[in-house]
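Peer 1: Sequence and predicted model, in that order:
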Amino acid sequence: MTRTRAAIAATTLLAALALTACGGDTEPEPAEAGDSLTAQQLADELGEVTTLTDPRDNTGFCNTADHGDRACEQMITSEELSVYQLPSEDVATQYADTQGERSTQIGAFVLAWNDDGVDDETRAAVEERARELISE
């Protein structure tokens, strides 16, 4: 029994050393800007810049199989603004192009204005804040 315990202890020690050596001092790859930001978080932050009435998760409208590779990851809609989180900047650009002047693509997000009464100053402030948050 003593040899068995010694063998188990030695094996455990070697395994621990091997795992430690594999871990090394390598640092994880940094995330791309905006990767951890969600449409919900962005909408919450933008609600500090302007009023977003009745924000709600409407992801079910844009993430169906009908949308294929262009399905959104999340969509938060208020009376004034919809915030779309898309899988990539390319998809966001394509989506924004279909929405015309009422939308702005910033990174992998699209801000689509639902209220034509939003003044240019408010729209500019919201879009500027979105750019700041997405680039962090």
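Peer 2: Right, received. Where do you want to start? Keep in mind that what you see is a predicted model, and the values were worked out from it rather than measured.
Peer 1: buried set for stretch 118-127?
Peer 2: Using 16 or more other CB atoms under 10 Å as the test for burial, stretch 118-127 gives V118, T122, R123, V126, E127. C-beta: built from backbone N, CA, C; applies to glycine.
Peer 1: Need the contact partners of that stretch.
Peer 2: L46, V49, T50, E80, L81, T104, I106, L111, W113 (CB atoms under 8 Å, 6 or more residues apart in numbering).
Peer 1: The same query, at a cut-off of 10 Å, please.
Peer 2: Under the criterion CB atoms under 10 Å, 6 or more residues apart in numbering, residues 45-52, 80-81, 83, 102, 104, 106, 111, 113, 115 lie in contact with stretch 118-127.
Peer 1: Please check the residues you listed and keep the buried ones.
Peer 2: Looking at the contacts of stretch 118-127 with 16+ other CB under 10 Å, the buried ones turn out to be 45-47, 50, 52, 80-81, 83, 102, 104, 106, 111, 113.
Peer 1: can you pull out the helices in the protein?
Peer 2: Secondary structure of the chain (DSSP state H): helices located at 2-23, 39-46, 89-99, 120-135.
Peer 1: okay, the angle between the shortest one and helix 120-135?
Peer 2: To tie it back to what came earlier, the one meant is helix 39-46. Relative orientation of helix 39-46 versus helix 120-135 (axes from the mean of the first three to the mean of the last three CA atoms, to 10 degrees): 130 degrees.
Peer 1: So which other helices or strands are in contact with helix 39-46?
Peer 2: Using 3 or more CB pairs under 10 Å, 6 or more residues apart in numbering; DSSP states H and E as the contact criterion, the elements in contact with helix 39-46 are strand 56-57, strand 74-77, strand 81-85, strand 109-113, helix 120-135.
Peer 1: and what of the third one?
Peer 2: Counting by 3+ CB pairs under 10 Å, 6+ apart, the packing neighbours recorded for helix 89-99 are strand 81-85, strand 103-106, strand 109-113.
Peer 1: Thanks a lot, see you next time.
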